[in-house]
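>>> Return a 3D structure for these sequence lines:
(chains A, B, C and D)
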There are 4 protein chains.
Amino acid sequence: MHTYRRKVQYYETDKMGVVHHSNYIRWMEEGRTAFLEDIGLPYQVMEEAGILSPVTGVAVEYKRPLTYGEEAVVETWISAYNGVRLEVKYRILNARSGELAAEAESKHCFMKDGRVCALKRTAPTFHEKLEAACRRDAEERQ
Amino acid sequence: MHTYRRKVQYYETDKMGVVHHSNYIRWMEEGRTAFLEDIGLPYQVMEEAGILSPVTGVAVEYKRPLTYGEEAVVETWISAYNGVRLEVKYRILNARSGELAAEAESKHCFMKDGRVCALKRTAPTFHEKLEAACRRDAEERQ
Amino acid sequence: MHTYRRKVQYYETDKMGVVHHSNYIRWMEEGRTAFLEDIGLPYQVMEEAGILSPVTGVAVEYKRPLTYGEEAVVETWISAYNGVRLEVKYRILNARSGELAAEAESKHCFMKDGRVCALKRTAPTFHEKLEAACRRDAEERQ
Amino acid sequence: MHTYRRKVQYYETDKMGVVHHSNYIRWMEEGRTAFLEDIGLPYQVMEEAGILSPVTGVAVEYKRPLTYGEEAVVETWISAYNGVRLEVKYRILNARSGELAAEAESKHCFMKDGRVCALKRTAPTFHEKLEAACRRDAEERQ
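Modelled structure (predicted):
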């Protein structure tokens, strides 16, 4: 699991006085970016190798809003990975109180030259890093 | 069902060359706003009456990306409503080809004075409009 | 001059209860996109011809805030164009009251194959359209 | 002068492959937020005291684009302050190369109970902090 911390920005709030719900999708991406960097596989390195990892699905359950002046912690881990499909889970917390702000997940595939590919075959070294992270995350969560 | 049409904006694309996945959450809100207006219950009227309708969950499945120069059609309908909880579904299409870009849903509750409320009791005229729309949408989809 | 109309979206507001100032930059882009389409030079056609038109500067003066439930009118016109540099001006109005919400301008150059170019030489048919629009806008504003 | 560092996020890029120009306005806000915190006057404390500081103008000159995988440094300082109006300047740099990405400024007034106010009279302790920071920034830049 990777822990990423960031302040709520004013431009992320809406007239309800709290963070607009669409921004959690962006924080998930920030958490995922930090996670991939942490396991030695920065997303820009994947892109430079010609591999894209589009988001095929997202789901968020909002628990308690966050607002300006507060800080969010994004916990990110791999919940499933089979060399072709990747599932990432997230818990977003209020950094100070520890209260759960949202639970979320995202699904991803891998593409090369405009076609879906098996990372296992197309980029074995990337595959190994994701697989190792997935295994480590599974052990941690037992 | 309500149909809402809008062009893809350049600022909504990302370096993959297509609409960033977080923007679909915003288009869902646009479709919902247009839907509520269409049934005679603009969201600003609800807010002026002291009622908020926070998003408690979203889920999106991405099918085919849209890009700059294209137009999206957002189809919005109520899939469930019981006076306390509201579920809205969406299909986002490429306006020209008719291809499905995404399927989505959002969940909402209602709040007054900082507390969850039953719209049925708190604002019966609003409740009736949502219930009628829900019934109409259910009939249409049979 | 081109007139473009669009509703304020909830996700564009901030906790001050009005449209966040950064969004005006995006509305300027929407107005510019609609303007270019109107003069027969959609930006995607420029991009397909390998020409980019990056923004080299923006300036906005905010007069009166807009909020959710309101509609904006973006008036867009070319204020200067010499085949190499383009200046676009904007007035953003409250559609209903006609009150001025903001005055703005943006500056642009043109690029091909990663280098700044003179549109006049690189793409004479595009150049003529911009020049004609510039002339027409100048006459209109006299 | 305050120095604030942050990574470029994928959702901030556009199909030109670089950070969309509208996001610099948001980074300026991030830099300003960090600056105010640094001088002991977090913006949320001002808001809690009933004082808003709306943006009355922004201007940005874009020099070199930033992209995903890069980090930005936002240098923020007060360039003018007279108790009623505040001017803030910014330099945005590529953290690694030190190259200038953009130069910018923003203008602000202060409001209480919906009316423009002189911070000097309305909130003297806030005023002193801004004045001291302005003086320090002026000395630093000589």
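
>>> show me where chain A has strands.
For chain A, the strands defined by DSSP state E cover A:2-7, A:51-52, A:55-62, A:71-81, A:86-94, A:100-108, A:111-112, A:115-116.

>>> which residues does the residue nearest the centre of chain A contact?
Central residue of chain A (C-alpha atoms, centre = their mean): residue A:32, 3.0 Å from the mean position. Applying C-beta atoms under 8 Å, 6 or more residues apart in numbering or on different chains, we find residue A:32 in contact with A:43, A:76, A:88, A:106. From N, CA and C alone the C-beta is placed, and that goes for glycine too.

>>> and chain A, which residues reach chain D?
A:7, A:9-11, A:26, A:29-30, A:33, A:42-44, A:47, A:68-69 (C-beta under 8 Å from any C-beta of the partner chain).

>>> Which pair of these spans the longest distance?
A:47 and A:69 (35.0 Å; C-beta to C-beta).

>>> Packing partners of the longest helix along chain A?
Ranked by residue count under DSSP state H, the longest helix found in chain A is helix A:124-141. Contact here means 3 or more C-beta pairs under 8 Å, 6 or more residues apart in numbering or on different chains; DSSP states H and E; on that basis helix A:124-141 packs against strand A:71-81, helix A:119-122.

>>> wait, which of these is closest to residue B:100?
Nearest of the helices and strands packed on helix A:124-141 (C-beta to C-beta): strand A:71-81, 24.7 Å.

>>> Strand partners (parallel or antiparallel) of that closest one?
strand A:2-7 (antiparallel), strand A:86-94 (antiparallel) (DSSP bridges).

>>> Could you dump the ones you listed into TSV with mean neighbour count added?
TSV is the format used below for these (neighbours: other C-beta atoms under 10 Å in any protein chain shown):
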stretch	mean neighbour count
strand A:2-7	16
strand A:86-94	21
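
>>> Output the ones you listed in CSV; the columns should cover mean pLDDT.
What follows is those, written out as CSV (pLDDT from 0 to 100):
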stretch, mean pLDDT
strand A:2-7, 97
strand A:86-94, 98
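
>>> Just put these in TSV and tack on distance to residue B:1.
Converted to TSV, the strands paired with strand A:71-81 look like this (distance: least, C-beta to C-beta, whole Å):
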stretch	distance to residue B:1
strand A:2-7	38
strand A:86-94	31
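
>>> Just tell me which of these ends up closest to residue D:81.
Nearest to residue D:81, of those and by C-beta to C-beta, is strand A:2-7 at 24.3 Å.

>>> Only C-alpha atoms, please: export that closest one in PDB.
Output of strand A:2-7 as PDB, limited to C-alpha atoms (Å, rounded to 0.1, in the frame of the first residue of the first chain):
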ATOM      1  CA  HIS A   2       1.200   3.500  -0.800                       C
ATOM      2  CA  THR A   3       0.200   6.600   1.200                       C
ATOM      3  CA  TYR A   4       0.000   9.900  -0.600                       C
ATOM      4  CA  ARG A   5      -0.800  13.200   1.100                       C
ATOM      5  CA  ARG A   6      -2.100  16.400  -0.400                       C
ATOM      6  CA  LYS A   7      -3.900  19.600   0.600                       C
END
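
>>> now, which of the contacts of residue A:32 sits nearest chain B?
residue A:106 (8.6 Å; C-beta to the nearest C-beta).

>>> hang on, that closest one packs against residue A:31?
No - checked against C-beta atoms under 8 Å, the pair residue A:106 and residue A:31 is beyond contact range at 9.7 Å.

>>> Now list whatever residues contact both of the two.
residue A:90.

>>> The two: who's more crowded?
residue A:31 (27 against 24; other C-beta atoms under 10 Å in any protein chain shown).

>>> Leaving out the residues flanking it, which one is nearest to the more buried one?
Ranked by C-beta to C-beta, 6 or more residues apart in numbering or on different chains and with sequence neighbours excluded, the top spatial neighbour of residue A:31 is residue A:74, at 3.5 Å.

>>> which residues does the one you found contact?
So residue A:74 contacts A:3, A:4, A:5, A:6, A:27, A:28, A:30, A:31, A:34, A:90, A:91, A:92 (C-beta under 8 Å, 6+ apart).

>>> Chain D versus residue A:76, what's the distance?
As judged by C-beta to the nearest C-beta, to the nearest Å, residue A:76 and chain D stand 14 Å apart.

>>> what about that residue, neighbour count?
Neighbours around residue A:76, by other C-beta under 10 Å: 26.

>>> right, and it touches residue A:92 too?
No - between residue A:76 and residue A:92 there is no contact under C-beta under 8 Å: 9.7 Å.

>>> which intervals of chain A have sub-threshold pLDDT?
Residues of chain A meeting the criterion pLDDT under 70: none.

>>> Of the helices and strands packed on helix A:124-141, which is nearest residue C:140?
The nearest among the helices and strands packed on helix A:124-141, by C-beta to C-beta, is strand A:71-81 at 49.3 Å.

>>> tilt between that closest one and helix A:124-141?
110 degrees (axes from the mean of the first three to the mean of the last three C-alpha atoms, to 10 degrees).

>>> Show me which positions of strand A:71-81 end up buried.
A:72, A:73, A:74, A:75, A:76, A:77, A:78, A:79, A:81 (16 or more other C-beta atoms under 10 Å in any protein chain shown).

>>> quick check, nearest of these to chain B?
Distances from chain B to those, taken by C-beta to the nearest C-beta, are shortest for residue A:74, at 14.4 Å.

>>> Which strand residues bridge the closest one?
residue A:4, residue A:92.
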